[in-house]
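**Student:** Provide a 3D model corresponding to the input given below.
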Amino acid sequence: MTLKELQKILTSIAPADREAMDRAKKRQAELAKPPGSLGKLEDMSIRLAGITGQVRNQLESCRILVFAADNGVIAEGVSSSPESVTLSQAVNMTRHITGMSALARYFGNSVVVADVGINAEVRCPAILNRKIRRSTRNLAKEPALTRQEVLDAMGVGLELAGQAKEEGVQAIGVGEMGIGNTTTSSAVLAALTGAAVEQVTGRGGGLTDQGFATKKRVIESALALHRPDPEDPLDVLSKVGGLDLAAMTGAFLGCALHRIPGVVDGFISIVAALCACRLCPRVREYLFLSHASYEVGYQLAARELGLDACLLLEMRLGEGSGCPLAFQILKGACAVMCGMGTFQEAAIDDDYLEEIRAADSYTVVLP
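**Tutor:** This is a model prediction of the structure:
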């Protein structure tokens, strides 16, 4: 993908349909229940209307896009897991035996795994070959990627989101697999927000005290070495990011471009979502946060986006594991809008609610 093509895509992303949201809010007020009594389910149903342009929605087909890539920075001792785990788990996702894929299979969600930068020859036909290069460069010593490599990875995410739309998918979750990607995500988040490395860096998959100290030192040194421009997400991703992050950023852009709800997983996923929103703030209107990750830095990213998570489960697995659970919550929001009767249909005199409605006692918080 070229920069010109990206710019065209960014200008093509439309805001949410406010007229549809107004109609959805009106229907919520007519449903046979006290105003606001279904809380965030009401908010979700109204936001979904803004995304699709329809008051009544169905999310029968949900898909998780997983982008797998390795990170050269693991040479610095920032991960407790060997690089080979990236390929192993990517393959295991196609076998439905990882945490994410087990949940997805249980709930009937499709999963697409794409290799955008695994540092090995991948011989699993179920994994899409979209490899940009084998691993990133070691960001402790040189920029992780070129600007063109970032654009190419973003193009993969956009491609797969568009393909999902063509195949009738109605909601997309975005996940990843890549040893060392909490290091790159922490570096990107620190660069974008100016937050201290300590505030955005956790132990990832598990590190000793020495390994954790090394991880923070490596991130601080890389930021000082490369000085990524916080106003330019492409610069940040190229200098201290990863191929998985770039592809996920493209996927979130694709969700907004094709007016599909985009479900954010955990820490790595929310950092990619933030990159997408920095490129085009309107993307935020198309996003739902699946769960509040227990990983350090997640809450900062969520505050930057101004969005609340659907679930609080103290999860920090990644992979896209929160997405199947969030899909079910969103389906519940759709069921309320589609299946509940109005006061008139239920033969209930709702005159007693006139004063409450006039006061607009419940406010839907929208992006």
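
**Student:** tell me which stretches of the stretch 101-250 of the chain form strands.
**Tutor:** Applying DSSP state E, counting those that start in this stretch to the stretch 101-250 of the chain gives strands spanning 110-117, 128-129, 171-177.

**Student:** what comes up buried for the first one?
**Tutor:** By neighbour count on 16 or more other C-beta atoms under 10 Å, the buried set for strand 110-117 is 111-117. Placement of C-beta: from N, CA and C, glycine included.

**Student:** closest to residue 281 out of those?
**Tutor:** The closest of the buried residues of strand 110-117 to residue 281 turns out to be residue 116 (C-beta to C-beta; 25.3 Å).

**Student:** just checking, the closest one touches residue 131?
**Tutor:** Yes: in this structure, residue 116 is within contact of residue 131 by C-beta atoms under 8 Å, at 6.3 Å.

**Student:** spit out the contact partners of residue 261.
**Tutor:** Listed by C-beta atoms under 8 Å, 6 or more residues apart in numbering, the contact set of residue 261 reads 48, 51, 59, 170-172, 255, 286-288, 330.

**Student:** can you pull the pLDDT of it?
**Tutor:** Residue 261 carries a pLDDT value of 99.

**Student:** quick thing: my sequence starts at 32, can you match it?
**Tutor:** Will do, 32 is the new start, and the previous item becomes residue 292.

**Student:** nearest spatial neighbour of residue 69, skipping sequence neighbours?
**Tutor:** Nearest residue to residue 69, sequence neighbours excluded (C-beta to C-beta, 6 or more residues apart in numbering): residue 367, at 5.9 Å.

**Student:** looks like the one you found contacts residue 74 (just checking).
**Tutor:** No: assessed by C-beta under 8 Å, residue 367 is found out of contact with residue 74, at 11.2 Å.

**Student:** of all the strands of the stretch 132-281 of the chain, which one is nearest residue 299?
**Tutor:** strand 202-208 (5.1 Å).

**Student:** give the pairing partners of the closest one; include direction for each.
**Tutor:** With DSSP bridges as the test, strand 202-208 is paired with strand 93-100 (parallel), strand 293-295 (parallel).

**Student:** beta partners for the closest residue to residue 160 other than its chain neighbours?
**Tutor:** Counting by C-beta to C-beta, 6+ apart, residue 146 is the residue found nearest to residue 160 once chain neighbours are left out, at 5.8 Å. Judged by DSSP bridges, the bridge partners of residue 146 are residue 99, residue 160.

**Student:** which one of residue 367 and residue 74 has more residues nearby?
**Tutor:** More neighbours surround residue 74 than the other of residue 367 and residue 74, with 20 against 17 (other C-beta atoms under 10 Å).

**Student:** sec struct for that one, please.
**Tutor:** helix (DSSP: H, G, I helix; E, B strand; the rest coil).

**Student:** how distant is the longest helix along the chain from the center of its chain?
**Tutor:** Ranked by residue count and defined by DSSP state H, the top helix of the chain is helix 178-197. Taking C-alpha atoms, centre = their mean, to the nearest Å, one finds the center of helix 178-197 at 14 Å from the center of the full chain.

**Student:** check which residues of it are buried.
**Tutor:** Under 16+ other C-beta under 10 Å, the buried positions of helix 178-197 are 180-192, 194-196.

**Student:** going by distance to residue 304, which of those wins?
**Tutor:** residue 188 (11.5 Å).

**Student:** ok, the closest one to residue 371 distance?
**Tutor:** 36 Å (C-beta to C-beta, to the nearest Å).

**Student:** residue 213 is nearest to which of the strands paired with strand 202-208?
**Tutor:** Across these, closest to residue 213 is strand 93-100 (C-beta to C-beta), at 13.4 Å.

**Student:** what's the first helix or strand after the closest one?
**Tutor:** Per DSSP states H and E, the first helix or strand lying C-terminal to strand 93-100 is helix 115-125.
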